[in-house]
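>>> Starting from these lines, generate the structure:
(one chain, ligands or ions: 1)
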Amino acid sequence: MSREMCYRCFWPKALCWCGSITPMETRTKFVFLMHPKEFKEEKAATGRLTHLCLANSVIHVGVQFDAHDGVQALLRDPANFPVLLYPGRDAQNLARGDFRATDLGGRRLVVLLLDATWSLGRKMLRLSPSLQWLPRIMFTPTAPSRFVIKQQPEVGCLSTLEAAHELLVALETSGLDRYPLPEQMLGLFQRMQDYQLRCAADPDRAGYRHRAYRPPAERTPLRGRSGARRARVFQVPREENEIGHLPVREAP
Ligand SMILES: [Zn+2]
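Here you go, the predicted model:
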């Protein structure tokens with residue numbers, strides 16, 4: 001197969017996803033702050049596909065964003081209401097109605113998402129004080145992760161595509177936005193996963209696994225520090241005290 005890449009979805013051209021994606025309009029602007037490690041190394045990373053699904057979204061790859069012109073312009077714009085998706089004790093939970101459309105005061109909601117593991121996400125935040133002072137939002141997922149490709153370190157650990165889906169469900173519930181195409185992200189996610197499971201089961205392929213993936217229900221979630229390191233920023237890991245409540249806000 002040709003290894004020529006599609007530079008929109010970053011898949012080989014023969015497998016390009018772009019034709020099956022209808023960019024969805026939202027009032028909210030989504031800003032994916034992607035750690036370079038996520039950009040380079042995560043084979044089943046879904047951040048880029050999520051961005052392609054959302055017309056009003058942008059990806060910035062980097063580790064610190066205080067000197068990033070595009071991000072800083074969004075934060076400074078008085079027409080915007082920027083928030084950080086970052087679960088924890090002081091985050092406003094959209095599912096509980098903590099944050100509603102009237103709180104925006106007519107401004108545009110801008111949600112910044114750290115597309116990284118918890119440990120890398122914390123590092124990004126530590127290096128970007130302007131993000132530390134943003135109001136924080138979170139959601140309670142309506143479904144556990146559907147991800148069977150990567151062994152999810154925690155039962156509730158979500159891929160970026162699933163997290164964006166859950167976030168949109170929560171934004172709609174709170175009256176902050178409309179979610180016009182809920183089937184698209186989950187359908188795309190399912191198709192990507194089916195493809196990867198087929199590859200994993202194909203003995204002619206380099207990445208062939210000699211043992212098939214077990215269904216998620218039969219897997220044992222990783223515990224301890226290794227699992228906590230791999231859990232993603234979108235959800236509070238089980239070891240809440242260790243990871244979720246660290247004092248990431250530092251004096252300005
Ligand atoms: Zn493509």
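
>>> Which residues of the chain lie near the ion?
Listed as neighbours of the ion in the chain under the rule C-beta under 5 Å from the ion: 6, 8, 9, 16, 18. All C-beta atoms are positioned from the backbone trio N, CA, C, and that covers glycine.

>>> so can I have TSV of those residues showing secondary structure, pLDDT and neighbour count?
Shown next, in TSV, are these (DSSP: H, G, I helix; E, B strand; the rest coil; pLDDT from 0 to 100; neighbours: other C-beta atoms under 10 Å):
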residue	secondary structure	pLDDT	neighbour count
6	coil	86	15
8	coil	84	14
9	coil	84	19
16	coil	87	17
18	helix	90	13
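
>>> quick one: low-confidence parts of this protein?
When residues are selected by pLDDT under 70, those of the chain lie in 1-2, 41-45, 144-157, 205-231, 235-252.

>>> Let me see the ranges of the helices in the stretch 51-200 of the chain.
Secondary structure of the stretch 51-200 of the chain, counting by DSSP state H, counting those that start in this stretch: helices at 69-76, 118-126, 129-132, 160-173, 182-200.

>>> looking at those helices, which is buried most?
helix 160-173 (a mean of 23; mean count of other C-beta atoms under 10 Å).

>>> residues in contact with it?
26, 28, 30, 32, 45-47, 49-50, 53-54, 85, 94-95, 109, 111, 113, 115, 139-143, 145-147, 158, 177-179, 182, 185-186, 188-189, 232, 234-235 (C-beta atoms under 8 Å, 6 or more residues apart in numbering).

>>> Figure out how far that helix is from the centre of its chain.
How far helix 160-173 lies from its chain's middle: 10 Å, per C-alpha atoms, centre = their mean, to the nearest Å.

>>> Can I get that helix as PDB, trimmed to CA atoms?
In PDB, the C-alpha atoms belonging to helix 160-173 read as follows (Å, rounded to 0.1, in the frame of the first residue of the first chain):
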ATOM      1  CA  THR A 160     -10.500  12.400  22.500                       C
ATOM      2  CA  LEU A 161     -13.400  11.600  20.000                       C
ATOM      3  CA  GLU A 162     -15.500  10.100  22.800                       C
ATOM      4  CA  ALA A 163     -14.700  13.000  25.200                       C
ATOM      5  CA  ALA A 164     -15.800  15.500  22.500                       C
ATOM      6  CA  HIS A 165     -19.000  13.600  22.000                       C
ATOM      7  CA  GLU A 166     -19.700  13.600  25.700                       C
ATOM      8  CA  LEU A 167     -18.800  17.200  26.000                       C
ATOM      9  CA  LEU A 168     -21.300  18.100  23.200                       C
ATOM     10  CA  VAL A 169     -24.000  16.100  24.900                       C
ATOM     11  CA  ALA A 170     -23.300  18.000  28.100                       C
ATOM     12  CA  LEU A 171     -23.200  21.400  26.300                       C
ATOM     13  CA  GLU A 172     -26.600  20.600  24.700                       C
ATOM     14  CA  THR A 173     -28.100  19.500  28.100                       C
END
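
>>> orientation of that helix relative to helix 182-200 in degrees?
Direction vectors for helix 160-173 and helix 182-200, defined by axes from the mean of the first three to the mean of the last three C-alpha atoms, to 10 degrees, enclose an angle of 170 degrees.

>>> sorry, back to before: what's the farthest-apart pair in the residues of the chain next to the ion?
Spanning the widest gap among those are 8 and 16, at 7.6 Å by C-beta to C-beta.

>>> Now the closest residue in space to residue 116 that isn't next to it in sequence: phi and psi?
The shortest distance from residue 116 to any non-neighbouring residue, by C-beta to C-beta, 6 or more residues apart in numbering, is to residue 35 (3.8 Å). Here is the backbone geometry of residue 35 (degrees, to the nearest 10): phi -70, psi 140.
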